[in-house]
Each structure stands twice: as C-alpha cells, then as structure tokens.
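Participant: Here is the input, now give the coordinates:
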Amino acid sequence: MPGTDVRGWRSALIAFAPLWFAALLTLTLTGHGFVAAMLMGNAGLLAVLVLLTRRLTSAPPVPAHESPRSRATLPWQLGAIAVVVSLTGTRAVHVPVWSALVTWAHALGEAFLDVRWVGGPGNAVANPLQYLIIPLAVLLVLGARPSGLGFGRGRGVGITTLLWAAVPAAVAGVALATGALTLQRLVARILGNTLQNGPFEEFLFRGALQTRLRLLLPVPWAILLQALVFGLWHLRAATDAMGGDPFAAVAFCIASQTVSGLALGYLFWRTGNLLAPSIAHVALNVMGQTIG
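Facilitator: I've put the predicted structure just below:
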C-alpha cells in the first residue's frame, strides 16, 4: 500500500503479509478453500482500488485538527473507544446503563421499522447509537474536534466514491439484468447495510480509532492496527459463519475484514472524510451479498 513514507508502508505490509498468508492457508486446511480463493480475489480488487485512489488523491497533510486539550486526553479517548469496541464486539457483558440503552434502541427499531427493507430493524436503531452517537459524544466531551474525526472538508471525495462504487454497481446491474436480484431486494440491502453497519462502523474504526492512533503512530501502523482490531471485532459473527471453528473464524477475520479495514482505512486517510469509505463500505457489503 503506497504512501508518503514508502519504507513505513513496506514495513507494515511485511508485518501483515505472514498473517494474511497463514489465514488463507488455515482456511484451506479447514475445508474452506473456496472461501480462501474468493478472499484472494477480493484482496486483489481492493489493492487495485487503493492504487487508483493514490493516483486520484494527494497526500494528506499532517493532522492539525486537534486541540491541546484533546491531545492531553488522548489516553482517555482511546480507553473509551476500547470499551465501546469491546462491548459491541462481544455483546456478552451486561453493563447497566449501556445495556438498557441498547435494549431500548433495539426494541424501538423492532417496533417501527420493516424487516423487509432494513433486514434487522433492531440493529438499524441500536447500532447507530452504539457505534456513532455514544462514542462521538464521549470524544467531543473529551476535547476531540469533529474535523479531526472525519467530519471535516475532504479531498477527492467525489471521484474516489465513484471509483469504489463502480464495480459493486456493475455487479448489481448484471444481477438485476439477469433476474438474479430484484430491485426491492437491492434497495433493502443498501438500506440495511447503511443503517446497520457502513457509516457507523466507519466512524468507530476509521473516524474514531484510526484518527486517535494516528496521533501516536505513523500512518501505516495506525491503519494496520485499526484494521486488525476491526477484523477481530467480527470474530463472533465469523465463528458462527465458520460452523463454530475458532481457527477458521480467526483466519476469516484476518483474510476478510482486516484486509477490508486496511483498504478502507487508506481511503479514509487519503480523503480525510468519512463519506467515501462509508459509501464504499456499503457498496462492498452489498456486492458481497449479491455474489455470495
């Protein structure tokens, strides 16, 4: 993955490459060879998109959006993000106020949203609360600025959004034309992914975690670390998808979500705004559902 510091990117990728190859090998040895092949193709597509993104955007400046107070409270900000990531990733720990709010939001979604259009009505309300509203409020109280969390003016947002949405749009167009996908189901997938994960996961991992890590680490390592956290955050769902096999689940997280986290983290860094990675996240998810 290219960038302004070639040696930094090379070091980060060299550190991640053995994990990726080991993950693909583990998937193959545990009977998921087809999945491994699909994930190799996905990584290739993301690599092309990253290279094109580099050509279409300029190198971002050193972050200057943080106040002295925000930098002083950085450990508390990272601690708050770690708590949110842990609670949302496991969902097994009962925390009185947090759990009550999430339960209330989930019930609200189930009562008022249509499962035919949003997939998971409860999550469509609870996830924005958990991934965006609560952590954003905490970070702002601790001195973070919206512009430093991905809500500032971006660079090359329009062209990169079109780039990352092109292939998913083409896949959806073919599926519609051949009758493999209906317009209603396509709209439902877009709405479901938008309300349940795309923009809100992008804030939690790229807007919040990556920008905080960027204040401590060089860009390549900040992106790699948030991507690894993003990948393992999906472990519970991956374990279910892999039939309860923990080794295959970890391998899937590294070969799939971590790779996506790297690419989306790079896109966010180059554009400086959450819009492009949010739309790309939704588009890639919809494409995966269509192909799968």
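
Participant: okay, CA-based contacts and neighbour counts for the rest of this
Facilitator: Fine.

Participant: From Leu262, how far off is Ala43?
Facilitator: 10 Å (Cα to Cα, to the nearest Å).

Participant: what sits up against stretch 191-202?
Facilitator: 117-120, 123-125, 127-128, 131-132, 274-275, 277-279, 281-282, 285-286 (Cα atoms under 8 Å, 6 or more residues apart in numbering).

Participant: residue ranges of the helices in the stretch 151-292 of the chain, please?
Facilitator: 157-178, 183-196, 198-202, 211-214, 219-233, 235-241, 246-252, 259-271, 275-291 (DSSP state H, counting those that start in this stretch).

Participant: Redo the ones you listed as JSON lines? Include mean pLDDT, mean neighbour count and distance to Thr88.
Facilitator: Conversion of the helices of the stretch 151-292 of the chain to JSON lines gives the following (pLDDT from 0 to 100; neighbours: other Cα atoms under 10 Å; distance: least, Cα to Cα, whole Å):
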{"stretch": "helix 157-178", "mean pLDDT": "97", "mean neighbour count": "17", "distance to Thr88": "27"}
{"stretch": "helix 183-196", "mean pLDDT": "96", "mean neighbour count": "19", "distance to Thr88": "13"}
{"stretch": "helix 198-202", "mean pLDDT": "97", "mean neighbour count": "24", "distance to Thr88": "11"}
{"stretch": "helix 211-214", "mean pLDDT": "96", "mean neighbour count": "22", "distance to Thr88": "19"}
{"stretch": "helix 219-233", "mean pLDDT": "97", "mean neighbour count": "23", "distance to Thr88": "8"}
{"stretch": "helix 235-241", "mean pLDDT": "94", "mean neighbour count": "17", "distance to Thr88": "10"}
{"stretch": "helix 246-252", "mean pLDDT": "97", "mean neighbour count": "22", "distance to Thr88": "17"}
{"stretch": "helix 259-271", "mean pLDDT": "97", "mean neighbour count": "25", "distance to Thr88": "17"}
{"stretch": "helix 275-291", "mean pLDDT": "96", "mean neighbour count": "21", "distance to Thr88": "18"}
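
Participant: Nearest to Ser86, out of those?
Facilitator: Comparison of the helices of the stretch 151-292 of the chain against Ser86 by Cα to Cα identifies helix 219-233 as nearest, at 7.9 Å.

Participant: How far off centre is the closest one?
Facilitator: 10 Å (Cα atoms, centre = their mean, to the nearest Å).

Participant: all numbers from here: first residue = 581
Facilitator: New numbering, starting at 581: the last item is helix 799-813.

Participant: Let me know the angle separating that helix from helix 839-851.
Facilitator: Comparing the axes of helix 799-813 and helix 839-851 via axes from the mean of the first three to the mean of the last three Cα atoms, to 10 degrees yields an angle of 140 degrees.

Participant: So which elements touch helix 799-813?
Facilitator: Contact partners of helix 799-813 among helices and strands, from 3 or more Cα pairs under 8 Å, 6 or more residues apart in numbering; DSSP states H and E: helix 586-609, helix 654-670, helix 791-794, helix 839-851.

Participant: Please work out which of those helices is packed deepest.
Facilitator: Ranked by mean neighbour count, those are led by helix 839-851 with a mean of 25 (mean count of other Cα atoms under 10 Å).

Participant: Please save the CA atoms from that helix in PDB.
Facilitator: Presented in PDB, the C-alpha positions along helix 839-851 are these (Å, rounded to 0.1, in the frame of the first residue of the first chain):
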ATOM      1  CA  VAL A 839      -8.000  -6.600   4.600                       C
ATOM      2  CA  SER A 840     -11.100  -4.500   4.100                       C
ATOM      3  CA  GLY A 841     -10.200  -2.400   7.100                       C
ATOM      4  CA  LEU A 842      -6.800  -1.700   5.600                       C
ATOM      5  CA  ALA A 843      -8.300  -0.600   2.300                       C
ATOM      6  CA  LEU A 844     -11.000   1.500   3.900                       C
ATOM      7  CA  GLY A 845      -8.500   3.000   6.300                       C
ATOM      8  CA  TYR A 846      -6.300   4.000   3.400                       C
ATOM      9  CA  LEU A 847      -9.300   5.500   1.600                       C
ATOM     10  CA  PHE A 848     -10.200   7.500   4.700                       C
ATOM     11  CA  TRP A 849      -6.700   8.700   5.200                       C
ATOM     12  CA  ARG A 850      -6.400   9.900   1.600                       C
ATOM     13  CA  THR A 851      -9.800  11.700   1.600                       C
END
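
Participant: contacting residues around the nearest residue to Trp801 once chain neighbours are set aside?
Facilitator: Excluding the flanking residues, the one nearest Trp801 by Cα to Cα, 6 or more residues apart in numbering is Ala592, at 6.1 Å. Residues near Ala592 by Cα under 8 Å, 6+ apart: Pro800, Trp801, Leu804.
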